[in-house]
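K.L.:
Return atomic coordinates for the entry below.
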Amino acid sequence: MVGRKDERARLKALLDAAREGRSGALLLHGPPGIGKTELLRDAVEHATGFRLLRVRGIQSESDIPYAGLAELVTPLLSHLEEIPEVQALAIRGALALGPATPGDRFTVPAGLLSLLARAADESPVLVVLDDTQWLDEPSLEAFLFAGRRLGQEGIAMLGAIRDDAPTRDVPWLERLPVEPLDDREARGLLAGYVAPAVADRLIATAAGNPLALLEIPGLLSAGQLAGREPLEDPLRPGTNVERAFAAAVSALPERTRRALLLAAAASTRRVDAIARGLTAAELSLTDLEPAEAARIVVLADAELEFRHPLLRSTVYYSASLPERRAVHAALADATDSAERAWHLAACAVAPDESVAAALERAALDARGRGAHATAARDLGRAAQLTPDAEP
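P.N.:
Next comes the predicted model:
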């Protein structure tokens, strides 16, 4: 594992305390792909001598009461006869192993705590809860109840949750943010097979997200990795990262998604330039307000910035080709700079001499300013759009 020295030290302290009989609970939080699950795996690998109990929230089961609890306590069902009868009956009823029993909302959570304490009589216990944001509500309540009341049993409860998940205020629960990798650590993941200039682009796009740093290179050709071929802008985010971010985007209104796509396709962060493109697309800055409320973009100091560069990539590549062409056409209508040529090229579906000529002029301008990589990109696209000479 690259980096994560502080986080791993905190997890080790939690395990060491449980070995000595002192229980504790800790919740890792961070954006998708930041490495929460890898830290959980690292803790499991170092939990020598622990009884391991694991559950992973599954989105499709988040409406099934006690689905998470069932996964966690199934290995402990042999201990049901050793906890208070009312709790054992409540656990059996909650897991459909017996008739439903009337009781207050604390009986099942208390039964979970008793089962964990009974298991800890034999060895320290590590409870691992991954993707907590997708646990069903009754199971989550039970875990929070048990975690609040841990004491001297020798139980370590370790969870992971996404930053964008709606969470209740649980002031007693210690939280540990999983921060992005710094540039040095990020380069450690890319060392040996990515050219330095390409690594710079990948690091800027991934913004310290380890999953993105591992996935994006797999979408590039050998020539792109070596720096011999130009890279796309924006870079593709990688399948798993795109899937994670796409859920937040898909929940937005249709006009907001179109406005976001235009902002993602723009080669500038200037709000005035983006506003002109929105007007050309019959949209407005107001359409971006739901995206700002969802913390997907930030509008401040006359600039628009995606909260994470991979959100920009996800917005762009999750759109259909016709949708992308439409926003590039609007952006081309809204500018008369060299960027217009590239937007025209992006919405071209067949060779076009006028677009090819505009790209060639943009390439010569870029070369005159020392932007040789941009010039090479534009000349290459101009060649693709140049009609074949008639015989």
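K.L.:
can we go C-alpha only for contacts and neighbour counts from here?
P.N.:
Fine.
K.L.:
by contact count, what packs against the helix or strand containing residue 316?
P.N.:
Assigned by DSSP states H and E, residue 316 belongs to helix 309-317. Judged by 3 or more Cα pairs under 8 Å, 6 or more residues apart in numbering; DSSP states H and E, helix 309-317 is in contact with helix 196-206, helix 239-250, helix 254-265.
K.L.:
Kindly recompute the last result at 10 Å.
P.N.:
Under the contact definition 3 or more Cα pairs under 10 Å, 6 or more residues apart in numbering; DSSP states H and E, helix 309-317 sits against helix 196-206, helix 239-250, helix 254-265, strand 303-306, helix 321-333.
K.L.:
do you know which of these lies nearest residue 280?
P.N.:
Ranking these by their distance to residue 280 (criterion: Cα to Cα) puts helix 321-333 first, at 5.2 Å.
K.L.:
Any buried residues in that closest one, and which?
P.N.:
The neighbour-count check on helix 321-333 (16 or more other Cα atoms under 10 Å) flags 323-333 as buried.
K.L.:
Mind putting the residues you listed into JSON lines with distance to residue 212 and pLDDT?
P.N.:
Output for the buried residues of helix 321-333, formatted as JSON lines (distance: Cα to Cα, whole Å; pLDDT from 0 to 100):
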{"residue": "323", "distance to residue 212": "25", "pLDDT": "95"}
{"residue": "324", "distance to residue 212": "23", "pLDDT": "93"}
{"residue": "325", "distance to residue 212": "26", "pLDDT": "94"}
{"residue": "326", "distance to residue 212": "28", "pLDDT": "95"}
{"residue": "327", "distance to residue 212": "26", "pLDDT": "95"}
{"residue": "328", "distance to residue 212": "26", "pLDDT": "93"}
{"residue": "329", "distance to residue 212": "30", "pLDDT": "93"}
{"residue": "330", "distance to residue 212": "30", "pLDDT": "94"}
{"residue": "331", "distance to residue 212": "28", "pLDDT": "93"}
{"residue": "332", "distance to residue 212": "30", "pLDDT": "91"}
{"residue": "333", "distance to residue 212": "33", "pLDDT": "90"}
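K.L.:
Out of those residues, which comes closest to residue 138?
P.N.:
Set against residue 138, the nearest of these by Cα to Cα is residue 323 (41.5 Å).
K.L.:
now the strands for the protein?
P.N.:
Here the chain has its strands, by DSSP state E, at 24-30, 51-56, 125-130, 155-162, 174-177, 297-300, 303-306.
K.L.:
I'd like to know which of those is closest to residue 262.
P.N.:
strand 303-306 (11.7 Å).
K.L.:
Just flag the most distant two among the buried residues of helix 321-333.
P.N.:
Farthest pair in the buried residues of helix 321-333, by Cα to Cα: 323 and 333, 15.7 Å.
K.L.:
list the contacts for the residue nearest the centre of the chain?
P.N.:
Centroid-nearest residue in the chain: residue 32, 2.3 Å away (criterion: Cα atoms, centre = their mean). Listed by Cα atoms under 10 Å, 6 or more residues apart in numbering, the contact partners of residue 32 are 131, 161-164, 209-212, 240-245.
K.L.:
Same check on residue 80?
P.N.:
87-89, 91-92, 111-112, 114-115, 118.
K.L.:
With residue 354 instead?
P.N.:
Counted by Cα under 10 Å, 6+ apart, residue 354 has contacts 341, 344-345, 360, 382, 385-386.
K.L.:
still on that earlier bit, against residue 241, how distant is the residue nearest to the centre of the chain?
P.N.:
7 Å (Cα to Cα, to the nearest Å).
K.L.:
Then residue 299?
P.N.:
To residue 241, residue 299 is 24 Å away according to Cα to Cα.
K.L.:
out of these two, which sits in the busier spot?
P.N.:
Between residue 299 and residue 241, residue 241 has the larger neighbour count (other Cα atoms under 10 Å), namely 22 against 16.
K.L.:
Looks like the more buried one contacts residue 308 (just checking).
P.N.:
No - counting by Cα atoms under 10 Å, residue 241 stays clear of residue 308, with 11.5 Å between them.
K.L.:
that older thread, now the common contact residues for residue 32 and residue 241.
P.N.:
Joint contacts of residue 32 and residue 241 (Cα under 10 Å, 6+ apart) are 209, 211-212.
K.L.:
For residue 374, state which of the residues you listed is nearest.
P.N.:
residue 212 (24.1 Å).
K.L.:
wait, what's in contact with the nearest residue to the closest one once chain neighbours are set aside?
P.N.:
Excluding its sequence neighbours, the residue lying closest to residue 212 (Cα to Cα, 6 or more residues apart in numbering) is residue 206, at 5.5 Å. Residue 206 is in contact with 33-34, 180-181, 186, 212-216, 235, 237, 308-311, counting by Cα under 10 Å, 6+ apart.
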